[in-house]
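Enquirer: only geometry, no sequence info:
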């Protein structure tokens, strides 16, 4: 299996044969296949027996940077979250000046990486999970080094309390 510049997988004839041998014949019509004469023959046979076609991979119509820009500008979240002031939201959750300083320092790094919309979405996601009683983990990997993510509620590890450097997460 290969992936294109956008990460979309394309399955070869060999990949499809391997799927069939491993007992995943039902998944063959759900993946995107490279174009070939064998795929065309299969789809012609499928017509004879009213079976589903193999789906053909189509190269992306936009460049990766344009695709990323479009995806990052169209966040699926309510408008009140799209306009939320992340700094004000997080500072009101701080207990002391040390926490405010940490939030300010981390948000500067998120801003440099153009990730403020990601934080807005995470705030929405955590609120949505709480409202719908969806359970999520206590924290995993280097993300627990981010005090901002702790305040948002994505994990439950107070990185200040444990002396974790957020740069570990931001690298």
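Expert: Ah, there it is. Since the structure is predicted, the reported quantities are computational estimates derived from the model, not experimental observations.
Enquirer: and the spatially closest residue to residue 130 that is not a sequence neighbour, how many neighbours?
Expert: Once flanking residues are discounted, residue 130 sits nearest to residue 153: 7.5 Å by CB to CB, 6 or more residues apart in numbering. From N, CA and C alone the C-beta is placed, and that goes for glycine too. Residue neighbour count, defined by other CB atoms under 10 Å, stands at 16 for residue 153.
Enquirer: surely residue 153 is in contact with residue 126?
Expert: Yes. In this structure, residue 153 is within contact of residue 126 by CB atoms under 8 Å, at 4.4 Å.
Enquirer: for residue 152, give me its contacts.
Expert: 90, 119, 122, 123, 126 (CB atoms under 8 Å, 6 or more residues apart in numbering).
Enquirer: tell me the confidence at it?
Expert: Model confidence at residue 152, given as pLDDT, is 97.
Enquirer: how far away is the residue nearest to the spatial centre of the chain from residue 141?
Expert: Centroid-nearest residue in the chain: residue 118, 10.0 Å away (criterion: CA atoms, centre = their mean). Per CB to CB, to the nearest Å, residue 118 is found 16 Å from residue 141.
Enquirer: from the contacts of residue 152, which is closest to residue 49?
Expert: Of all those, residue 49 sits closest to residue 122, with 48.0 Å by CB to CB.
Enquirer: would you map the helices across this structure?
Expert: 13-21, 37-48, 64-73, 79-82, 86-91, 97-112, 116-131, 147-152, 167-170 (DSSP state H).
Enquirer: shaky segments in this structure?
Expert: For the chain, applying pLDDT under 70 flags the ranges 72.
Enquirer: which segments of it make up each domain?
Expert: 2-56, 76-170 (automatic domain parsing).
Enquirer: can you put those domains in CSV and add distance to residue 70?
Expert: CSV is the format used below for the domains of the chain (distance: least, CB to CB, whole Å):
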stretch, distance to residue 70
domain 2-56, 11
domain 76-170, 13
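Enquirer: from the contacts of residue 152, pick the one nearest residue 134.
Expert: residue 126 (9.7 Å).
Enquirer: separation between the closest one and residue 144?
Expert: From residue 126 to residue 144 the distance is 15 Å (CB to CB).
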